[in-house]
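**Student:** Pasting a predicted model and its sequence here:
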Amino acid sequence: MSNERCDIAIVGAGPAGMSAAIAAARLGASVVVLDEQRGAGGQIYRAITDAPARRVDLLGPDYAAGRSLAEAFAASGARHLTNAAVWQVTPEGAVHYLRDGATFTLQAERVVLCAGAMERPFPIPGWTLPGVFTAGAAQILLKSADVVPVEPVVLAGCGPLLYLLGWQYVRAGVPIRALVDTTSMEDYRRALPRLGGALAGWRYLKKGLSLMRALKRAGVPFHTGAENLAAEGREGQDGVAALRFTAGGKAHCIETSTLLLHHGVVPNTQFTWSLRARHTWDDAQLCWRPKADAWGALDVPGIHVAGDGLGIGGALAAARQGELAALGAMHGLGRITTGERDKLAAPLRAALREHLRIRPFLDALYRPKKANRIPADDVIVCRCEEVAAGDIRHFVALGCDGPNQAKAFGRCGMGPCQGRQCGLTVTELIADARGVTPAEVGYYRIRPPIKPISLGELAGAE
Ligand SMILES: Cc1cc2nc3c(=O)[nH]c(=O)nc-3n(C[C@H](O)[C@H](O)[C@H](O)COP(=O)(O)OP(=O)(O)OC[C@H]3O[C@@H](n4cnc5c(N)ncnc54)[C@H](O)[C@@H]3O)c2cc1C
């Protein structure tokens, strides 16, 4: 398996990766798709290939829709390496991965990175207490193993995934003590002018509204416009005991042993940063995006990006971007002409535009609050190395002007998560403390291994 070669290597078997693979294989490419999950599906369709009918029904029609895509992918002729954690992609197209405790290398003519999104860090006081999870993590347990909390939970934050999980929990019989929504009237006022675009994406809008209605019908108590969120423990008790917040001019304290936080997802840019590709700061989505052309091609020749890793657009947009990247890669390999590429791309571009029309509205409505992104001094920011926001402000006062210097000042971003949990917060914190834009501050210099790998595994590389 070592030094296997292929035309196109695709990292990630979510909607973008599966669609890219189907499109490239259909055009005659040898395709290998690598994913650390045990089956195809990515985040939205996680475990779709072996999910029992009962779970598929519970998770809803958007989840079930993944089955036909996964079947088309399985029949596409692309080789799928499951349980393959990719720890490095080089500019020369070498894909290094870890599988069953051994490392391997795949050499590709073109690489399409479809590594998806990650949840945005939600650094509020107490977010590191046992019992505080992200909503996405809780959903992973549900999708992959039918694991749900038995004690009443509190969901807090904003965004479609939070409401979707609430709806799925209601269907799974999970008691929800409260949904604490940070969305305020001001957010609605900001989003309203973007409604013109959203009307074209009315299906998405209708879906979102019906989720909220279902939650309210199920009697889930709602608190909107929540501010000053803080998770609290209790004397003599290990985990979280309550969520405190203010809403409607009143202070609230809701007891819970399971608090699920979420305020959106952001592109997973670990690979693109490690490849030294150019990135831009997206102020609408408050995150970094790799700079790519209309085919997802980076300024690193031979490497493309598709799906949420390029900017958050949702599963259907990710699938179209995957197909476009496959066309771009096939054209780059000289396997299709410019005319063929452009003809095949035209309907994909039209569909992509349609799927993305809702974004400006969603980005404005669910823009995460500054207080929930740039925390007070005593809040831990880098969970791996236990570096607090106050430490980082102190580093800035000492002359630290960016995330890379912050590593040297206090090890933040140097733990096993490689800055995934703290990177965005550190960029925004330093920018805020210096009074400059995040673009001026930059991001961590990400180096392989992207995924933790032991020295023994590395030494055993074939
Ligand atoms: C936790 C979470 C849950 C979500 N749930 C939903 C949902 O229920 N409904 C919804 O509409 N949207 C959901 N989303 C948003 C959803 O991810 C996107 O809309 C859509 O799935 C994006 O497709 P994609 O193909 O770009 O990426 P993804 O679907 O995220 O697929 C990326 C794939 O890359 C793989 N990967 C990443 N890094 C590596 C690596 N180093 N080595 C090997 N494999 C790697 C991952 O295992 C994953 O399978 C969720 C997002 C997150 C972060």
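**Tutor:** Received, thanks.

**Student:** contacting residues for whatever residue of the stretch 51-200 of the chain ends up closest to the ligand?
**Tutor:** Of all residues in the stretch 51-200 of the chain, residue 116 sits closest to the ligand, at 2.1 Å by C-beta to the nearest ligand atom. C-beta coordinates here come from the backbone N, C-alpha and C atoms, glycine included. Under the criterion of C-beta atoms under 8 Å, 6 or more residues apart in numbering, the contact partners of residue 116 comprise 12, 14, 16, 42-43, 268, 307-309, 318.

**Student:** what's the pLDDT at it?
**Tutor:** pLDDT recorded at residue 116 is 98.

**Student:** Number of residues surrounding residue 41?
**Tutor:** Here the neighbour count serves as a burial measure; for residue 41 (other C-beta atoms under 10 Å) it reads 28.

**Student:** do residue 186 as well
**Tutor:** Based on other C-beta under 10 Å, the number of other residues close to residue 186 is 11.

**Student:** what about it, which SS state?
**Tutor:** Per DSSP: H, G, I helix; E, B strand; the rest coil, the secondary structure class of residue 186 is helix.

**Student:** Could you check how far it is from residue 52?
**Tutor:** 44 Å (C-beta to C-beta, to the nearest Å).

**Student:** same question, residue 347
**Tutor:** For residue 347, the distance to residue 52 equals 35 Å [C-beta to C-beta].

**Student:** surely residue 395 meets residue 407?
**Tutor:** No: in terms of C-beta atoms under 8 Å, residue 395 does not count as a neighbour of residue 407; the distance is 9.9 Å.

**Student:** List the residues that contact the residue lying closest to residue 269 once chain neighbours are set aside.
**Tutor:** In space, not counting the residues next to it along the chain, residue 269 is nearest to residue 288; the distance is 5.2 Å by C-beta to C-beta, 6 or more residues apart in numbering. Taking C-beta under 8 Å, 6+ apart as the definition of contact, the neighbours of residue 288 are 266-267, 269, 273, 279-282, 424, 427, 443.

**Student:** Turn these into TSV, columns for secondary structure, pLDDT and neighbour count.
**Tutor:** Listed next are the contacts of residue 288 as TSV, based on DSSP: H, G, I helix; E, B strand; the rest coil; pLDDT from 0 to 100; neighbours: other C-beta atoms under 10 Å:
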residue	secondary structure	pLDDT	neighbour count
266	strand	98	24
267	strand	98	25
269	coil	97	27
273	helix	97	21
279	strand	98	19
280	strand	98	11
281	strand	98	19
282	strand	98	17
424	helix	96	23
427	helix	97	26
443	coil	96	21
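
**Student:** which bits of the stretch 1-150 of the chain sit near the ligand?
**Tutor:** Residues of the stretch 1-150 of the chain lying near the ligand by C-beta under 6 Å from any ligand atom: 11-17, 34-37, 42-44, 62, 84-86, 114-119, 136, 139-140.

**Student:** how near is the residue in the stretch 151-300 of the chain positioned nearest to the ligand to residue 138?
**Tutor:** When distances are taken as C-beta to the nearest ligand atom, the stretch 151-300 of the chain reaches nearest to the ligand at residue 265, 4.6 Å away. Here residue 265 is placed at a distance of 14 Å from residue 138 (C-beta to C-beta).

**Student:** same deal with residue 447?
**Tutor:** 31 Å.

**Student:** Compare those two (neighbour count), which wins?
**Tutor:** Under the criterion of other C-beta under 10 Å, the comparison of residue 447 against residue 138 puts residue 138 first, with 23 against 10.

**Student:** residue ranges with poor pLDDT in the chain?
**Tutor:** Applying pLDDT under 70 to the predicted model, the residue ranges of the chain that meet it are 1-3, 197-198, 200, 461-462.

**Student:** Give me the domain ranges for it.
**Tutor:** Using the TED database, the domains assigned to the chain come out as 4-118+266-336, 121-263, 374-441.

**Student:** list the contacts for the residue of the stretch 251-400 of the chain found nearest the ligand?
**Tutor:** When distances are taken as C-beta to the nearest ligand atom, the stretch 251-400 of the chain reaches nearest to the ligand at residue 307, 2.2 Å away. With contacts defined as C-beta under 8 Å, 6+ apart, the neighbours of residue 307 are 12, 14-17, 114-116, 313, 317-319, 321-322.

**Student:** Recalculate using a threshold of 7 Å.
**Tutor:** Applying C-beta atoms under 7 Å, 6 or more residues apart in numbering to residue 307 gives the contacts 14-16, 114, 116, 318, 321-322.

**Student:** what's the closest of these to residue 158?
**Tutor:** Set against residue 158, the nearest of the contacts of residue 307 by C-beta to C-beta is residue 116 (20.3 Å).

**Student:** what residues does the stretch 151-300 of the chain put near the ligand?
**Tutor:** Contact residues (C-beta under 6 Å from any ligand atom) of the stretch 151-300 of the chain with the ligand: 161, 164, 265.

**Student:** Give me the subset of those that lies in helices.
**Tutor:** If you go by DSSP state H, those have 161, 164 in helices.

**Student:** Need the residues of the stretch 151-300 of the chain next to the ligand in CSV (columns: distance to residue 331 and neighbour count).
**Tutor:** Below are those laid out as CSV (distance: C-beta to C-beta, whole Å; neighbours: other C-beta atoms under 10 Å):
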residue, distance to residue 331, neighbour count
161, 35, 22
164, 37, 21
265, 30, 22
